[in-house]
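Q: Coordinates for the following, if possible.
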Amino acid sequence: MVDLLLRDLDPLLNERIRRVAVARGWTREYTCIALLEQGLFASELEVRSGFQNPEVDALADAIAALQALPDAKGV
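A: Residues are numbered from 1 along each chain as shown. Next up is the predicted model:
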């Protein structure tokens, strides 16, 4: 994995990252990677205008399978 180096980070942004790391029990490095991935996924969603067809089909199949499960009664 490539090292991640963030220079000249806004102090408020740095504090927000620190708070997420503390709340999740993650290292700052892992937190930065996780937040970067989440932001990337959100940006890709905006650019692509949603899921691609294979993803939509897989999601629809998964939802249908979950709906077909019997209700958990008495649990």
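
Q: all helices in this protein, in order from the N-terminus.
A: 11-24, 28-48, 53-68 (DSSP state H).

Q: for the first one, packing partners?
A: So the one you mean is helix 11-24. For helix 11-24, the elements it packs on are helix 28-48, judged by 3 or more CB pairs under 8 Å, 6 or more residues apart in numbering; DSSP states H and E. Glycine gets a C-beta too; all of them are placed from N, C-alpha and C.

Q: picking that back up, please name whichever of the helices of the chain is nearest to residue 3.
A: helix 28-48 (8.8 Å; CB to CB).

Q: Would you tell me which of the helices of the chain gets closest to residue 5?
A: By CB to CB (comparing all of the helices of the chain), the closest turns out to be helix 28-48, at 10.0 Å.

Q: helices or strands next to that closest one in the packing?
A: helix 11-24.

Q: List the buried residues for the helix it packs on?
A: 17, 21 (16 or more other CB atoms under 10 Å).

Q: And that helix, how far out from the chain middle?
A: Its chain's C-alpha centre and that of helix 11-24 lie 16 Å apart, by CA atoms, centre = their mean, to the nearest Å.

Q: now what about it, what contacts it?
A: Under the contact criterion CB atoms under 8 Å, 6 or more residues apart in numbering, helix 11-24 has outside partners 26-28, 30-32, 35.
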